[in-house]
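Student: Show me the folded form of this:
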Amino acid sequence: MSSTIALDDKAGSATMPRMPPQIPYIIANEGCERFSFYGMRNILTVFLMTSLLLAVPENLRKGEAKEVFHTFVIGVYFFPLLGGWLADRFFGKYRTILWLSVVYCCGHACLAMFESSIPGFYTGLFLIALGSGGIKPLVSSFIGDQFDKSNRSLAQKVFDAFYWIINFGSFFASLLMPIFLEKFGASVAFGIPGVLMAIATLCFWSGRHKYVHLEPGARDPHGFLPVVRTALASGTKGKVFAGLGLLLSVGALCLTPQVGIVAALCMVLVFMLGFGGIGAWVQLDAARRVHPAEAVEGVRSVLRLLVLFALVTPFWSLFDQKASTWVLQADQMSKPEWFKSSMMQALNPMLVMILIPFNNLVLYPALQKAGLKLTALRRMGAGIALSGLAWIVVGMLQLWLDDKHEVSIVWQVLPYAILTLGEVLVSTTGLEFAYSQAPLAMKGVIMSFWSLSVTIGNLWVLLSNSSVQSPSVVASISGTGLSTTAFLMFFFAGFALVAASLFGLYARGYRMQDNYRTS
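Tutor: Residues are numbered from 1 along each chain as shown. Presented below is the predicted three-dimensional model:
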């Protein structure tokens, strides 16, 4: 740990906690990086539909564009596992963020240079997924590293500011990039986000002498994976569950021709983590013969946390489709000639910037005065439920469109508002919650698992889209009187509402942790 920790030594006194002076460098970096990411992401579906995938038959192009988009998002939220592992095990957060940011910049350069080349463009998407995904859990956990127990009361405010600046960048990117794409072409529209990412990297590098640097730890023989391995090997039940996970993983790989290699590999990860975790859980006490009690209990707390993360995945299934399914729905709606469907996404970050201060200054204090204790877990459960409600509204709009009514795009404001309130409750709360619950040696990896919940959420989207391509499934949906699009909308709404109920039930028995450093 570097000497920069001395910056906060005086905060342990009776004086008011101090805001770490290095925070603005990280916030500025995040604002520019999020402009770069959302600037390219929010025009990606439109660009694929109108330019890169023109060789795909028109009746298949919409599905192909959605598949490319959600495969890209899966990659973005899969690579946090790699970034978290590299940071916690080898290089530390600062160096990992800096080096992967350079990879990120190279990805943007590829998009700008290879606008008409599918291999070149997809290479750029891969590099952006690697760079953006790799740094995603590290920047938020790096912010947490700048705090200790003496000033942790300021951490949630900073995480709120962190999420506010994300949406500040996203708002202007969502508003401006569709215009730049139409007026100046893809090279400019994808090049500008690349410039912003270079500025983000420079901002982060500029604060290098001010940060608290927590060095990566050596391999701990009593760490998470060694304890899990011991538990799995301690009895028959653990081996049975691990074997079942392996068997299902082989089956998932066999589905590659139907669902694609990315979805298949994600299914492998889900089966291995899920059944391996269950196997370790049922035999965890047996690991006490080899590992100290505190190490075993640390693993138990992580496994409990991962169950909560798993129950958040349906929220991300719904949330990320606002950049694909909702954009395609907006194409069917009436709107001014100058207004592009993808510009509607600017409403989401604008509402986030309004709702974060509104919630903190008005809503949460009012609920507390009314006697309702709004804990982190209650906020997250309510957010998941709100996402389901938003999709019921979207489904109703789709029924209206399917009946050949003219529907104004203004009607989409209502589901955007409901979904955004859910996002604020889930995402801003979840960032600080995930950091506070993670053991000190596993901050990067646990934040990676939080990001992995987004990957799995997008996996559900890919699997649902693949399932409705079967003629028998299409015939069954037609028998309900609903279009395939409307059916999927109501399906995802129900998916989220069931998840919210299960989340609430499980959260009632969850024991909160306080894993900030002491000094």
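Student: Now do stretch 94-111: distance to the chain's middle.
Tutor: The chain centre lies 19 Å from the centre of stretch 94-111; the measure is CA atoms, centre = their mean, to the nearest Å.
Student: Whatever helix or strand S301 lives in - contacts with which helices or strands?
Tutor: Using DSSP states H and E, S301 falls within helix 293-319. If you count contacts as 3 or more CB pairs under 8 Å, 6 or more residues apart in numbering; DSSP states H and E, helix 293-319 packs onto helix 224-232, helix 261-282, helix 376-402, helix 413-423, helix 429-437, helix 443-467, helix 484-507. For every residue, glycine as well, the C-beta is placed using N, CA and C.
Student: so the first one versus helix 443-467, what angle?
Tutor: Going back to what we said before, that points to helix 224-232. Using axes from the mean of the first three to the mean of the last three CA atoms, to 10 degrees, the inter-axis angle of helix 224-232 relative to helix 443-467 is 70 degrees.
Student: Quick one: work out the angle between helix 224-232 and helix 293-319.
Tutor: Between helix 224-232 and helix 293-319, the angle comes out at 100 degrees (the same axes, to 10 degrees).
Student: list the buried ones in helix 224-232?
Tutor: The neighbour-count check on helix 224-232 (16 or more other CB atoms under 10 Å) flags 224, 226-232 as buried.
Student: so where's the stretch 51-200 of the chain shaky on pLDDT?
Tutor: 149, 152-153, 156 (pLDDT under 70).
Student: just to revisit the earlier point, what mean pLDDT would you report for the helix holding S301?
Tutor: Helix 293-319 shows a mean pLDDT of 87.
Student: Pull out the buried residues from it.
Tutor: Residues of helix 293-319 classed as buried: 295-296, 298-319 (neighbour count, 16+ other CB under 10 Å).
Student: ok now the strand or helix carrying V76, how far from the chain's centre?
Tutor: If you go by DSSP H and E, V76 is part of helix 58-78. On the basis of CA atoms, centre = their mean, helix 58-78 sits 16 Å off its chain's mean C-alpha point.
Student: which parts of the next helix-or-strand element following it are buried?
Tutor: Downstream of helix 58-78, the first helix or strand assigned by DSSP H and E is helix 80-86. Within helix 80-86, the residues scored as buried using 16+ other CB under 10 Å are 80-81, 83-86.
Student: which of those residues lies closest to Q368?
Tutor: Relative to Q368, the closest of these is P80; by CB to CB it sits at 33.6 Å.
Student: Pretty sure that closest one sits against A434.
Tutor: No: if you go by CB atoms under 8 Å, P80 and A434 don't touch, sitting 11.4 Å apart.
Student: I'd assumed F37 was in contact with S132.
Tutor: Yes: assessed by CB under 8 Å, S132 is found in contact with F37 at 5.6 Å.
Student: Settle it for me: which of these two has more neighbours?
Tutor: S132 (29 against 25; other CB atoms under 10 Å).
Student: Remind me which helix or strand the more buried one belongs to.
Tutor: Secondary-structure assignment from DSSP H and E places S132 in helix 118-145.
Student: who does the next helix or strand after that helix touch, helix- and strand-wise?
Tutor: Using DSSP H and E, the helix or strand that follows helix 118-145 in sequence is helix 155-184. Judged by 3+ CB pairs under 8 Å, 6+ apart, helix 155-184 is in contact with helix 23-41, helix 44-47, helix 118-145, helix 186-206, helix 347-358, helix 429-437.
Student: Looking at the ones you listed, which is nearest to T236?
Tutor: Checking the helices and strands packed on helix 155-184 against T236 by CB to CB gives helix 429-437 as the closest, at 31.2 Å.
Student: buried residues in the closest one?
Tutor: Burial within helix 429-437, assessed by neighbour count using 16+ other CB under 10 Å, is assigned to 429-437.
Student: just stretch 342-359 next, same as before
Tutor: Buried residues in stretch 342-359, counted by 16+ other CB under 10 Å: 342-353, 355-356, 359.
Student: Could you export stretch 39-55 as PDB, CA atoms only?
Tutor: Provided in PDB are the C-alpha atoms of stretch 39-55 (Å, rounded to 0.1, in the frame of the first residue of the first chain):
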ATOM      1  CA  GLY A  39     -21.500   7.200 -27.800                       C
ATOM      2  CA  MET A  40     -20.600   4.100 -29.800                       C
ATOM      3  CA  ARG A  41     -23.100   1.700 -28.100                       C
ATOM      4  CA  ASN A  42     -26.200   3.800 -28.600                       C
ATOM      5  CA  ILE A  43     -25.700   4.000 -32.400                       C
ATOM      6  CA  LEU A  44     -24.500   0.400 -32.800                       C
ATOM      7  CA  THR A  45     -27.900  -1.200 -33.500                       C
ATOM      8  CA  VAL A  46     -28.800   1.600 -36.000                       C
ATOM      9  CA  PHE A  47     -25.400   1.400 -37.800                       C
ATOM     10  CA  LEU A  48     -25.700  -2.400 -38.000                       C
ATOM     11  CA  MET A  49     -29.200  -2.200 -39.500                       C
ATOM     12  CA  THR A  50     -28.500   0.600 -42.000                       C
ATOM     13  CA  SER A  51     -24.900   0.000 -43.000                       C
ATOM     14  CA  LEU A  52     -22.800  -3.000 -41.900                       C
ATOM     15  CA  LEU A  53     -25.400  -5.700 -42.200                       C
ATOM     16  CA  LEU A  54     -27.000  -4.700 -45.500                       C
ATOM     17  CA  ALA A  55     -26.000  -8.000 -47.100                       C
END
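Student: who touches it?
Tutor: Applying CB atoms under 8 Å, 6 or more residues apart in numbering, the external contacts of stretch 39-55 come out as 61-62, 64-66, 68-69, 72-73, 108, 111, 115-116, 118, 121, 128, 170, 173-174, 176-178, 181, 186, 189-190, 192-193, 196, 323-324, 327-328, 340-342, 345.
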